[in-house]
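Undergrad: The following comprises the amino acid sequence and a computationally predicted model.
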Amino acid sequence: MSATPQHVMVSAMEGLGDWKYGEADPIRVPVLAIFAKANTTPEQEQFTRSFIPNLDYQVWDGVGHFLMMEQPERFNRVLIEFLKKL
């Protein structure tokens, strides 16, 4: 990823910021969202919950963007527990 040209990164970030959350219907299926503590805020959680009412929102310390590779056992355990509830 660090070798990705800057124009590609900029384009990706612009695309992420163009979502029309408020214009779409709420997401009504169960959703598991896991974030690194450094990559989220309480405001982000509140905003996400505003259009995903059935949200399992988790914030993990000590991980980065690729938390599923940094803590694969924990990630797999949480994912399996989430799926079993369905």
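TA: Now that the structure is in, tell me what you want to look at. Numbers count the residues shown, from 1 in each chain.

Undergrad: need the longest helix for this protein.
TA: The helix spanning the most residues in the chain, taking DSSP state H as the definition, is helix 72-85.

Undergrad: Flag every buried residue along it.
TA: Within helix 72-85, the residues scored as buried using 16 or more other Cβ atoms under 10 Å are 75, 78. For every residue, glycine as well, the C-beta is placed using N, CA and C.

Undergrad: For it, name the packing helices and strands.
TA: In terms of contacts (3 or more Cβ pairs under 8 Å, 6 or more residues apart in numbering; DSSP states H and E), helix 72-85 is packed against strand 31-36, strand 55-60.

Undergrad: Tell me which residues are up against it.
TA: Defining contact as Cβ atoms under 8 Å, 6 or more residues apart in numbering, one finds that helix 72-85 is touched by 30, 32, 34, 56, 58, 60, 67-68.

Undergrad: now these as CSV including pLDDT?
TA: Shown next, in CSV, are the contacts of helix 72-85 (pLDDT from 0 to 100):
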residue, pLDDT
Pro30, 97
Leu32, 98
Ile34, 97
Asp56, 97
Gln58, 97
Trp60, 97
Leu67, 94
Met68, 96
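
Undergrad: The residues you listed, buried ones only, as a ChimeraX selection?
TA: Per 16+ other Cβ under 10 Å, the buried members of those correspond to this ChimeraX selection:
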select :34,60,67
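
Undergrad: Quick check: pLDDT value at the residue positioned nearest the centre of the chain.
TA: Nearest residue to the geometric centre of the chain (Cα atoms, centre = their mean): Ala33, 4.6 Å. Ala33 carries a pLDDT value of 96.

Undergrad: go on, Glu45?
TA: At Glu45, the pLDDT value in this model is 93.

Undergrad: how much space between it and Lys85?
TA: 20 Å (Cβ to Cβ, to the nearest Å).
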